[in-house]
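Participant: Got a predicted structure here, sequence first:
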Amino acid sequence: GGGGGGGGGGSSGGDDGGADDFGNARRRAVTFAYGALVFGGGVAGFVKKGSVPSLVASTIFGVAMGSIALISHLIGGLLLALICSGFMCSFMFKRWRESGKFMPGGMVSLASLGYIGFLFVDVFLL
């Protein structure tokens, strides 16, 4: 047959249906929050220092992470999330190291590292 739609039994394992839905919602919420944090940081950088590049980059990243949140239950969404957050972590860590100032580079790199850690725990341990 072609598949059996919704429901929770069958060959896909019935004991993970509710937990999987909760896990998907948790991953979506954390991904949205992470994207919003980075976006908010870019807005703050623009307001405080007039940094248009920060505003543009954080807007692009925030929209990307918001979009990724919608597909974070798929393997492709997870890979995109890891690629984007890994890039943000390394880029902002470099800025932190070069400037010696925790804000914004240190905060964003640590938040990115925390998000990556969350993904690994969420996927492999929860």
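Facilitator: Now that the structure is in, tell me what you want to look at. Residues are numbered from 1 along each chain as shown.
Participant: Please compute how far stretch 117-126 lies from its chain's middle.
Facilitator: Remark: stretch 117-126 is offset 12 Å from the chain centroid, using Cα atoms, centre = their mean, to the nearest Å.
Participant: Just the buried residues of that stretch, please?
Facilitator: By neighbour count with 16 or more other Cβ atoms under 10 Å, stretch 117-126 contains the buried residues 118-119, 122. (Each C-beta comes from the backbone N, C-alpha and C, glycine too.)
Participant: cool, and stretch 43-63?
Facilitator: 43-46, 51, 54-55, 57-58, 61-62.
Participant: Determine which two of the residues you listed are furthest apart.
Facilitator: Spanning the widest gap among the buried residues of stretch 43-63 are 51 and 62, at 15.1 Å by Cβ to Cβ.
Participant: For residue 35, which non-adjacent residue is spatially closest?
Facilitator: residue 65 (2.8 Å; Cβ to Cβ, 6 or more residues apart in numbering).
Participant: For that neighbour, give me its contacts.
Facilitator: 31-32, 34-35, 38, 81, 84-85 (Cβ atoms under 8 Å, 6 or more residues apart in numbering).
Participant: pLDDT score assigned to residue 23?
Facilitator: For residue 23, the pLDDT comes out at 82.
Participant: Can you tell me how far it is from residue 70?
Facilitator: Relative to residue 70, residue 23 is positioned 15 Å away (Cβ to Cβ, to the nearest Å).
Participant: Same question for residue 40.
Facilitator: In terms of Cβ to Cβ, residue 40 sits 20 Å off from residue 70.
Participant: do residue 112 as well
Facilitator: 20 Å.
Participant: What is the helix of greatest length in the chain packed up against?
Facilitator: Longest helix in the chain, counting residues (DSSP state H): helix 17-49. Packing partners of helix 17-49 (3 or more Cβ pairs under 8 Å, 6 or more residues apart in numbering; DSSP states H and E): helix 52-70, helix 75-99, helix 107-124.
Participant: mind redoing it with 6 Å?
Facilitator: If contacts are counted by 3 or more Cβ pairs under 6 Å, 6 or more residues apart in numbering; DSSP states H and E, helix 17-49 sits against helix 52-70, helix 107-124.
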